[in-house]
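Asks: One predicted model, sequence on top.
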Amino acid sequence: MYLARKEMGSRQSQYVLRESYRSGGILYSRELAELGRDPGRFIVYSGESSFHIDEDFLGRLRLQGVSAPYGELEELLFPFIDPYIKNRLQPFRNRHTYRNWQRADEALLGRALNETHVMDRRRIHFLRMGRTSAETVEKTSALYIVLLDKSRDEIEQMILEREQALPPRDYQSYLFTIFDLQRFFHESYAHSIPQALNRERLDTFFVEEICRLAADRDFWQGFTQNGRLPYSLVRYLIMYFDAPPEDPAIWSRFSRSQRSRRFHRSSYADGERMTRTQAFTIFELSSEQLAGMRKKDLTRIYRQKAHELHPDKGGDTEQFIRLTAAYEELLPSLP
């Protein structure tokens, strides 16, 4: 059983109690009860730090044939209780879970890799670790146990909830990674400096991957699409195109982590500040010239120089790193 959000338009959500069930070897989901816009209205407070679920609500669930354990319902509604009480109770939650922790057996770990979709594994890994790669995804099977025996709808709802904590500055690196867009580019810096890639090609590949995933019947098995693009994919389109693509902060976590490993000798990869005067010199620009430019103009110059200076093209590593640091210093001042 799980809590799902239904988008109702105008940025409003309705909450629904659902469950996953297996039929004919396929996992489906079904609705159990409508909870409205505020599931917190079914919580009754009986003291300064205590609460319980409304008895009338529990009775209505029983009449509808829902016989979920009380503790499970309480866990689902916990995010909606009064913040003061939530903060007081948080340290005492799930204590027994940690005390009884045991390493998952090999059979379960095998299922976690063999019965889950690579797209789900990439998303779970990134949301847990902050970055991911093809190599690391396949080495952390324990992370994907949470995906087992869940319908596509339950998985999407779980990932949607986790994505709420993702800061907007990480949207581009998140999408670049989970859709594995770097595989479409032969440039070696596709892994280290993705902002240097041709933006039009990147946009095209991203949209193609959205369409490919939308048409993947295995991925959407048991999920009713009704001829419309699923909300999670619509959300990814919004995340991708709403973020200004040339803003270096968007790629900060991805590019810095990659750069620091690949170009560890560079002081700029370790966080040394690039001054505007140095940046003007590197780009061979004056302050007056920069004042007449837009972000797309500087990005075009950066990409040209990046192709020339990249070490794999015969350029100098330190100069390449300095160019990127200069780009990140000048870009925020442009419209």
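Replies: Alright, I've got the coordinates.

Asks: Can you check the distance spanned by stretch 166-173, start to finish?
Replies: End-to-end distance for stretch 166-173, by CA to CA, to the nearest Å: 11 Å.

Asks: Next, the buried residues of it.
Replies: 170-173 (16 or more other CB atoms under 10 Å). In short, each C-beta sits where N, CA and C put it, glycine included.

Asks: Include secondary structure, distance to Tyr21 and pLDDT when you put these into a markdown table, please.
Replies: A markdown table is the format used below for those (DSSP: H, G, I helix; E, B strand; the rest coil; distance: CB to CB, whole Å; pLDDT from 0 to 100):
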| residue | secondary structure | distance to Tyr21 | pLDDT |
| --- | --- | --- | --- |
| Asp170 | helix | 35 | 85 |
| Tyr171 | helix | 34 | 87 |
| Gln172 | helix | 37 | 85 |
| Ser173 | helix | 36 | 86 |
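
Asks: just those now: which is nearest Arg30?
Replies: Nearest to Arg30, judged by CB to CB, of these is Tyr171 at 32.1 Å.

Asks: Report the separation between the closest one and Phe219.
Replies: 21 Å (CB to CB, to the nearest Å).

Asks: now Glu34
Replies: Taking CB to CB, one finds Glu34 at 27 Å from Phe219.

Asks: Over to Gln172?
Replies: Separation of Gln172 from Phe219 (CB to CB): 23 Å.

Asks: follow-up on the earlier one: of the buried residues of stretch 166-173, closest to Tyr84?
Replies: Top of the list for closeness to Tyr84, among the buried residues of stretch 166-173 and by CB to CB, is Asp170 at 30.4 Å.

Asks: rewinding a little: who has more neighbours out of Glu34 and Phe219?
Replies: Between Glu34 and Phe219, counting by other CB atoms under 10 Å, Phe219 is the more crowded of the two (17 against 10).

Asks: Okay, and Leu109 sits in which element?
Replies: Element membership of Leu109 [criterion: DSSP states H and E] is helix 106-114.

Asks: again, but for Arg103
Replies: If you go by DSSP H and E, Arg103 is not part of any helix or strand.

Asks: Over to Tyr28?
Replies: Assessed by DSSP H and E, Tyr28 sits inside strand 26-36.

Asks: buried residues in that strand?
Replies: Neighbour-count burial for strand 26-36 flags 27-29, 32-33, 35 (criterion: 16+ other CB under 10 Å).
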